[in-house]
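A.B. asks: any chance you can model this:
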Amino acid sequence: MNESTLQDLWQPIETAPRDGTTVIVWPPTWMGATSCARWDDDKYARKPRPFWNRLDARRIYMSREDPPTHFQYVLPGPVKKPPTED
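C.D. replies: Sure, this is the predicted structure:
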């Protein structure tokens, strides 16, 4: 893939699924690595404040202070092939 094609994978966070789907988010949190997040509607709080819950954030405030601006879907992993008979 060329750089232009890779850039096209990033979409505005406003268009991301808010159904519990895990997505890759930008900007990175710490050490420059992208992270994964899922939408948390915070429905069990007394005063709900929905947010993108970054899976690598140690505390909720870390997710709230630097919300993502872009996302891309997590690609499926490799398919395990069944063993072949010799």
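A.B. asks: determine the longest strand present in this structure.
C.D. replies: Longest strand in the chain by number of residues (criterion: DSSP state E): strand 35-40.
A.B. asks: so which bits of that one are buried?
C.D. replies: Residues of strand 35-40 classed as buried by neighbour count (16 or more other Cβ atoms under 10 Å): Ser35, Ala37, Arg38, Trp39, Asp40. The C-beta positions use only the backbone N, C-alpha and C, and glycine is treated the same way.
A.B. asks: again with stretch 12-24
C.D. replies: Ile13, Ala16, Val23, Ile24.
A.B. asks: any chance of the residues you listed in a markdown table, plus distance to Pro50 and pLDDT?
C.D. replies: Shown next, in a markdown table, are the buried residues of stretch 12-24 (distance: Cβ to Cβ, whole Å; pLDDT from 0 to 100):
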| residue | distance to Pro50 | pLDDT |
| --- | --- | --- |
| Ile13 | 12 | 95 |
| Ala16 | 12 | 97 |
| Val23 | 15 | 96 |
| Ile24 | 19 | 95 |
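A.B. asks: take the residues you listed and keep only those in helices.
C.D. replies: The helices, defined by DSSP state H, take in nothing from the buried residues of stretch 12-24.
A.B. asks: phi, psi for Ser63 please.
C.D. replies: phi -70, psi -40 (degrees, to the nearest 10).
A.B. asks: what's the burial count for it?
C.D. replies: 22 (other Cβ atoms under 10 Å).
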